[in-house]
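Student: Test case, fold it:
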Amino acid sequence: MLKYEVHEMHVEGMDRYYLPLPKLTLGQLQAFEERLASSGFSVRREGDLLKAEDTSYRITISRSGLASSGCEMLDAISPAIPGLSRFPREPVAANPYFTAKKMQGGFEVQFFPRMEGLRIWTALRKEGKCGLTPDEKAAISQVLLGTDQPIECVTDYPTEGCSLLQTGRKQYYHSSVPSSEFASRLRTVSNSYTKNCYLPRSSVVKVKTKSLPTFHLGEALGEWCYLEFAPKSL
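Tutor: This next block holds a predicted model:
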C-alpha cells in the first residue's frame with residue numbers, strides 16, 4: 001500500500017509553490033474548506049476548485065489532487081491532512097488517472113498527472129525536478145502491465161536513436177525505451193534514479209496491445225486516492 005507523503009515544491013521559473021495531495025472526495029475537499037475558514041481565510045468553492053485567500057496570499061486546491069500558491073502553504077494546509085484518512089471512499093464514474101482511445105494496433109493513453117503536464121512540465125525539466133506522484137506511477141505501470149514494447153518518452157540519459165531535448169541548461173532526450181525500463185526508471189516526486197524516465201510533455205503514450213489490463217482504484221493506491229472506479233474491460 002502506498003502511503004501519502006507531503007512534498008511541497010517551489011518551481012522557481014513560475015514563482016509558485018505546488019503541493020501534491022491525494023485525489024480528494026467531496027468530503028475531504030470540505031475538510032480543507034473548513035480548516036482554512038477557521039484559520040481566517042476567505043474561502044469559496046468553484047466547481048472542483050477550492051480558493052482561499054487572506055491578507056497575504058492565496059491558495060488553490062483542486063479535487064484532482066494539487067494545491068498551489070504564490071507562498072509556502074504547509075502551515076495552512078498540513079493540519080487538515082491527518083484527518084483525511086477518516087473519510088470513506090467515494091465511487092466515481094470516470095478514471096481520474098487516464099483515458100484510453102482505441103487505435104489501429106493498440107491504444108492511445110492520455111494520462112492526467114497533477115503536475116507533470118504542459119506548462120509545469122517544462123518548468124520542472126528546466127529545474128531538474130519532478131512532480132509525478134507514486135500513485136500516478138502505479139497507474140502508468142498498471143497500464144503497461146504485461147506489455148513488452150518500446151515506449152516513446154523523455155529520458156535524462158541518451159539512448160540509441162534518441163534526439164536531444166535542451167530545456168534551459170538541462171539536457172534531456174526524446175527516447176524510445178522498453179516498457180519495463182520506462183516503468184522501472186519512471187521518476188517521482190519522492191524517488192529518483194541514476195537514469196530517469198519521464199512522461200512526454202503531452203502525457204500521451206501509445207500502447208500496442210489488444211486490450212489494457214483492468215484498472216481498479218481504491219485500497220491498491222493507499223492514501224493517495226480515496227476514489228473508487230470500476231472500469232469496463234478495454
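Student: distance between the lowest-mean-pLDDT helix or strand in the chain and the chain's centre?
Tutor: None of the helices or strands of the chain scores lower by mean pLDDT, DSSP states H and E than strand 227-228, at a mean of 88. How far strand 227-228 lies from its chain's middle: 16 Å, per Cα atoms, centre = their mean, to the nearest Å.
Student: swap in stretch 9-26?
Tutor: On Cα atoms, centre = their mean, the centre of stretch 9-26 falls 10 Å from the chain's centre.
Student: which of the residues in that stretch are buried?
Tutor: Buried residues in stretch 9-26, counted by 16 or more other Cβ atoms under 10 Å: M9, V11, M14, Y17, Y18, L19, P20, L21, P22, K23, L24, T25. All C-beta atoms are positioned from the backbone trio N, CA, C, and that covers glycine.
Student: Now do the longest helix belonging to the chain: everything it contacts.
Tutor: Criterion DSSP state H: the longest helix present in the chain is helix 26-38. Contacts of helix 26-38 with the rest of the structure, by Cβ atoms under 8 Å, 6 or more residues apart in numbering, involve 22, 24, 43, 45, 48, 50, 52, 59, 61, 63, 76-77, 79-80, 83-84, 87-88, 90, 226.
Student: try it again with 10 Å
Tutor: 21-22, 24-25, 41-45, 48-54, 59, 61-63, 67, 73, 76-81, 83-88, 90, 226 (Cβ atoms under 10 Å, 6 or more residues apart in numbering).
Student: Could you export the helix or strand hosting V177 as CSV, CA atoms only?
Tutor: Following DSSP states H and E, one finds V177 within strand 170-178. Coordinates of the C-alpha atoms in strand 170-178 are reproduced here as CSV (Å, rounded to 0.1, in the frame of the first residue of the first chain):
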residue,chain,number,x,y,z
LYS,A,170,19.4,20.9,-18.7
GLN,A,171,19.8,18.2,-21.4
TYR,A,172,17.1,15.5,-21.9
TYR,A,173,16.4,13.2,-24.8
HIS,A,174,13.4,12.1,-26.8
SER,A,175,13.8,8.4,-26.4
SER,A,176,12.2,5.0,-27.2
VAL,A,177,12.8,2.6,-24.4
PRO,A,178,11.4,-0.9,-23.5
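Student: strands paired with that strand, and their directions?
Tutor: Taking DSSP bridges as the criterion, strand 170-178 pairs within the sheet with strand 150-155 (antiparallel), strand 163-167 (antiparallel).
Student: Can you name the next helix or strand after that strand?
Tutor: helix 179-184.
Student: ok now that following helix, how far from the chain's centre?
Tutor: Taking the mean of its C-alpha atoms, helix 179-184 sits 18 Å from the chain's own mean (Cα atoms, centre = their mean).
Student: And it, what's buried?
Tutor: Buried-residue list, helix 179-184, by 16+ other Cβ under 10 Å: S179, E181, F182, A183.
Student: List the contacts of the closest residue in space to the second one that isn't next to it in sequence.
Tutor: Of all residues not flanking E181 in the chain, C197 sits nearest, at 7.2 Å (Cβ to Cβ, 6 or more residues apart in numbering). Listed by Cβ under 10 Å, 6+ apart, the contact partners of C197 are 132, 151, 153-157, 159, 175, 177, 181-187.
Student: Could you export the buried residues of helix 179-184 as JSON lines, including pLDDT and distance to F111?
Tutor: Converted to JSON lines, these look like this (pLDDT from 0 to 100; distance: Cβ to Cβ, whole Å):
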{"residue": "S179", "pLDDT": "94", "distance to F111": "14"}
{"residue": "E181", "pLDDT": "95", "distance to F111": "18"}
{"residue": "F182", "pLDDT": "96", "distance to F111": "13"}
{"residue": "A183", "pLDDT": "94", "distance to F111": "13"}
